[in-house]
Every structure is written in C-alpha cells, then in structure tokens.
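> Predicted model and sequence below, questions to follow.
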Amino acid sequence: MSNVLRCDSDCLFCQIIKGEIPSNKIYEDHTCYAFYDINPQAPIHFLVIPKAHISSCGEITKGNSSIVAHCFEVISEVTKKLGITDFRVVSNCGAKAGQSVSHLHFHVLSGRDLTWPPG
Ligand code: AMP
Ligand code: ZN
C-alpha cells in the first residue's frame, strides 16, 4: 500500500484525526473518522474520511479499497443514527472538481432538496 500513508504532518485532515486541530466529531473507529463540515452546504453536512492518508478518489487501488468500502459502511451507519434517509455523497477529486483538501473525504449532505446536476 505505497500510496496509503498512516499520517501526513502537513495534511489538515490528518491533523484533525490526531486531535491537533479541533473538530465536531460524529463517529470514529480504527479505520474512519467522521465530523461536521466547518462550512456546511446543507442543514446536515458531514465528512467521512479514512484515517490512512489517501489523497483522493484518484488514488484508490485494490490495496486500499477495503478502507473506502468501510467509509461507506460508516456513511450508512451514521445516516441511520441521525435518522437521515435522503442524502447525497460527494467526493471532489482534483482542484477543477472543487477538491481543496488533499485527503480523501466523502461529503454527506442532507436536510434540503438537492438539485442536479451539481455546479
Ligand atoms: P473539498 O473542498 O471537497 O476538498 O472539501 C473540503 C471540505 O473540508 C470543505 O467543505 C471545507 O468546508 C471542509 N473543512 C475545511 N477545514 C475544515 C475543518 N477544520 N473542520 C471541518 N471541515 C473543514
Ligand atoms: Zn491526510
């Protein structure tokens, strides 16, 4: 798993996982961490991230995809806990797609009607 680093000291989300930067945590286990987005784009907006530093969806491989699958199990579990049935999962990959933090993350948005296509 050469593209899966346990931690990147310059990475904002790695720092959040380590507790060096505060976050509004919803869920944590050995593999994943979930917390509310600091700049919510919907009444409910949280992020699910792997604890391993994978930089984006473009770096998912056979060697690390079980981590990503686990993130989706967590999304299913957390949305059920929050009583959410209608939601959108988004992962921006690359600056032109809107990615601003180079640590794989899944946005979970809910609580309002979500239009399609996205901008
Ligand atoms: P993206 O722009 O798709 O890379 O998503 C990064 C997300 O991280 C944005 O929605 C930001 O609002 C969010 N974000 C940035 N810094 C923090 C932070 N300290 N705590 C929580 N969310 C953050
Ligand atoms: Zn990171």
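The structure has been received and is ready for your questions. Ligands and ions are numbered 1, 2, ... in the order given.

> does any part of the biggest helix by length in the chain sit near ligand 2?
Scanning the chain for the longest helix, with DSSP state H as the assignment, gives helix 65-82. No. Helix 65-82 is not in contact with ligand 2 by CB under 5 Å from the ion; minimum separation 12.7 Å. Bear in mind the C-beta positions are built from the backbone N, C-alpha and C, glycine included.

> Looking at the helix or strand just after that helix now, give me its mean pLDDT.
Proceeding N to C from helix 65-82, the next assigned helix or strand is strand 87-90, under DSSP states H and E. Strand 87-90 shows a mean pLDDT of 98.

> Report the strands that pair with strand 87-90, each with its relative direction.
strand 106-110 (antiparallel) (DSSP bridges).

> what's the spacing between the strand it pairs with and its chain's center?
Centroid displacement of strand 106-110 relative to its chain, using CA atoms, centre = their mean, to the nearest Å, is 8 Å.

> Tell me the buried residues in that strand?
106-110 (16 or more other CB atoms under 10 Å).

> so which of the residues you listed also contact ligand 2?
Okay, of the buried residues of strand 106-110, nothing touches ligand 2 (CB under 5 Å from the ion).

> Low-confidence stretches in the protein?
Applying pLDDT under 70 to the chain picks out residues 1-6.

> what does it put close to ligand 1?
With the criterion set to CB under 6 Å from any ligand atom, the chain comes near ligand 1 through 12, 21, 23, 35, 37-39, 92, 98-101, 105.
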